[in-house]
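Q: For reference, the sequence and a predicted model appear below.
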Amino acid sequence: MVIDFSFILVIALLVTGAVWGADVLFFKAKRPVPVAKDGEPAPLNEPIAVEYARSFFPIILVVLVIRSFLLEPFRIPSDSMMPTLYDGDFIFVNKYAYGLRVPVANIKIVSVGDPHRGDVVVFRLPANPSINYIKRLVGLPGDHIVVRENRVFVNDKPMAVELNGFYSDEHGYTNAQLAFEQLGDVKHTVMFTNDRYSTDFEAIVPAGHFFFMGDNRNNSQDSRFPQVGFVPEGNLVGRAVRIWMNWRAWEMPVWSRIGTKIE
């Protein structure tokens with residue numbers, strides 16, 4: 001069990017629901033009925049704890065349902081997914097893309113869809129589930145994955161790569177090589193940093209697990225490294241779908257990124 005914001009919401013929902021429910025069942029009927037005066041509505045005669053519980057319970061319920069089953073916001077804390085995602089991007093993650101799960105317990109109750117090669121996915125780090133990572137899905141269960149000199153091979157088939165100029169924005173990656181890469185039905189941009197070597201890798205993805213890589217291929221701690229490794233299906237949080245804000249401390253927001261679809 002991971003103690004995160006969803007856990008806090010569940011506890012708050014249980015506490016407010018218990019307080020409000022206990023009052024309705026056992027105490028409300030025993031309190032004196034307030035009397036209206038001079039045509040004014042009678043004030044509610046209830047303890048402050050009950051008033052707060054009654055007010056916050058539906059709000060907490062709505063927030064919990066949205067975050068658990070529809071959309072959850074995340075902030076990108078690093079540049080490992082550049083040029084697709086920047087440090088400072090705030091994104092929405094589709095929580096029902098891969099099935100509905102019970103909050104906190106993380107038990108799948110409805111199977112909606114399966115992860116696809118090329119999806120940008122938020123997942124819980126296997127070594128520490130309290131930490132969320134975001135990477136691109138490269139290897140499905142049973143795939144033979146080879147990474148050699150920045151080329152990706154899946155089941156002995158090279159993934160198509162088309163060079164596409166050089167990175168010219170800021171963030172410290174000027175003149176990094178850009179390329180289009182085709183993963184399944186998804187064509188996306190990857191970046192190869194000039195001053196870093198390729199991290200080669202070869203393995204077969206175990207059953208029930210997935211292999212992830214960052215789009216900033218030479219500056220991403222992903223499934224090629226033992227700190228991450230293969231990610232179990234139960235650790236998948238959802239599919240990243242859209243950027244809703246970009247802002248870093250002491251900098252102006254990048255307004256042009258708002259609303260950008262994540263591909």
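A: Nice, thanks for sending it over. This is a predicted model, so every value here is computed, not measured.

Q: hey, let's count contacts and neighbours off CA atoms from now on
A: Fine.

Q: Chain neighbours aside, what residue packs nearest to Ile92?
A: One correction, residue 92 is Phe, not Ile. Computed as Cα to Cα, 6 or more residues apart in numbering, the closest residue to Phe92 that is not its neighbour in sequence is Pro73, at 4.6 Å.

Q: typed the wrong thing, it's Ala179
A: Excluding the flanking residues, the one nearest Ala179 by Cα to Cα, 6+ apart is Leu163, at 4.1 Å.

Q: is it true that the one you found touches Gln182?
A: No. Judged on Cα atoms under 8 Å, Leu163 makes no contact with Gln182 at a distance of 11.8 Å.

Q: thinking again about what came up before, what residues are up against the residue nearest to Ala179?
A: Going by Cα atoms under 8 Å, 6 or more residues apart in numbering, Leu163 touches 177-180.

Q: which of those has the most neighbours?
A: Most neighbours among the contacts of Leu163, by other Cα atoms under 10 Å: Leu178, with 21 neighbours.

Q: Quick check: bridge partners of that residue?
A: Leu178 has these beta-bridge partners by DSSP bridges: Met191.

Q: any idea how far Met159 is from it?
A: As judged by Cα to Cα, to the nearest Å, Leu178 and Met159 stand 15 Å apart.

Q: before we move on, what about Asp114?
A: In this view, Asp114 and Met159 are 21 Å apart by Cα to Cα.

Q: Looking at the two, which has the bigger crowd around it?
A: Taking neighbours as other Cα under 10 Å, Asp114 and Met159 compare with Met159 leading, 14 against 10.

Q: The more buried one reaches Val186, doesn't it?
A: No. Using Cα under 8 Å, Met159 is not in contact with Val186; the gap is 11.0 Å.

Q: neighbouring contacts of the host helix or strand of Val50?
A: Applying DSSP states H and E as the criterion places Val50 in helix 48-65. Residues outside helix 48-65 that contact it (Cα under 8 Å, 6+ apart) are 6, 9-10, 12-13, 15-17, 19-20, 23.

Q: mind redoing it with 6 Å?
A: Helix 48-65 is contacted by residues 16, 20 when judged by Cα atoms under 6 Å, 6 or more residues apart in numbering.

Q: and after that helix, which helix or strand comes next?
A: Once helix 48-65 ends, the next helix or strand along the chain (criterion: DSSP H and E) is strand 71-75.

Q: on contacts alone, who are the packing partners of that next one?
A: strand 89-94 (3 or more Cα pairs under 6 Å, 6 or more residues apart in numbering; DSSP states H and E).

Q: The strand it packs on vs strand 71-75, what angle?
A: With axes from the mean of the first three to the mean of the last three Cα atoms, to 10 degrees applied, the angle from strand 89-94 to strand 71-75 works out at 150 degrees.

Q: Rounded mean pLDDT for strand 89-94, please.
A: The average pLDDT for strand 89-94 rounds to 97.

Q: Low-confidence ranges, this structure, go.
A: Low-confidence segments of the chain, defined by pLDDT under 70, span residues 1, 34-44, 170.

Q: Helices of that one, residue ranges please.
A: Along the chain, the segments classed as helices by DSSP state H run 5-22, 48-65.

Q: residues making contact with the first one?
A: Residues outside helix 5-22 that contact it (Cα under 6 Å, 6+ apart) are 50, 53-54, 57, 104.

Q: Next, the angle from that helix to helix 48-65.
A: Using the same axes, to 10 degrees: helix 5-22 against helix 48-65 is 140 degrees.
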